[in-house]
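Peer 1: Pasting a predicted model and its sequence here:
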Amino acid sequence: MNRLLALSAATAALTLTPAALAKTDGDETGAQVAATATGEATPVRLKEWTGDWELMKTSRRMRVWRSHLAYKLTVDAAGEVTGCEITEQFRMRRVSDRLCDVLSAHHMFEPAHDASGTPVEGSYVSRISYMDVRDRLEAD
């Protein structure tokens with residue numbers, strides 16, 4: 001029975017993991033290309049996430065015992081992270097602050113654009129599954 005519960009939990013975690021965490025090759029999605037062609041605003045786009053190892057190391061040091069980490073990053077018009085918020089707060093503020101430092105340092109973005117194509121400030125919301133991070137590190 002325990003194996004069945006563990007298997008269904010693992011399947012749910014893999015199914016619900018955001019596609020934004022997948023390693024991308026830099027191609028625009030069809031929706032972004034269409035939005036750019038029609039002059040619509042485009043959201044912040046994740047170019048690269050390089051913090052798997054640092055996130056796991058920091059989480060272990062801070063004794064984070066959660067299955068996932070949900071967060072929101074504010075991205076300026078140059079694509080730099082200017083703000084971070086852990087959406088499911090920890091009891092100790094220093095844990096959230098340290099995890100935000102790691103998230104801010106290891107995310108690279110293309111900024112959001114308004115309808116005229118001018119870069120503007122935007123935000124990026126995501127959730128990282130520690131199980132997925134562990135699997136990626138073991139595969140490398």
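Peer 2: Nice, thanks for sending it over. For clarity, every value in this text was computed on a predicted model and none was experimentally measured.
Peer 1: Just checking the distance from stretch 73-89 to the centre of its chain.
Peer 2: 10 Å (C-alpha atoms, centre = their mean, to the nearest Å).
Peer 1: just the helices in this protein please.
Peer 2: 2-16, 30-37, 52-61, 93-106, 130-139 (DSSP state H).
Peer 1: Could you tell me the least trusted of those helices?
Peer 2: When the helices of the chain are ranked by mean pLDDT, helix 30-37 comes last with a mean of 41.
Peer 1: Now tell me what touches stretch 96-103 from outside.
Peer 2: Contact partners of stretch 96-103, identified using C-beta atoms under 8 Å, 6 or more residues apart in numbering, comprise 51, 54-55, 58-59, 62, 64, 69, 71, 73, 81, 84-86, 89-90. Every C-beta, even on glycine, is put in place using the N, C-alpha and C of the backbone.
Peer 1: please redo it, this time with the cut-off set to 6 Å
Peer 2: Under the criterion C-beta atoms under 6 Å, 6 or more residues apart in numbering, residues 51, 54-55, 58, 62, 71, 84, 86, 90 lie in contact with stretch 96-103.
Peer 1: Pick out whichever of the residues you listed sits closest to Glu40.
Peer 2: For those, the minimum distance to Glu40 (C-beta to C-beta) is 26.3 Å, reached by Tyr71.
Peer 1: Now for the closest residue to the closest one other than its chain neighbours, how many residues are close by?
Peer 2: Nearest residue to Tyr71, sequence neighbours excluded (C-beta to C-beta, 6 or more residues apart in numbering): Ile86, at 5.3 Å. Ile86: 17 surrounding residues under other C-beta atoms under 10 Å.
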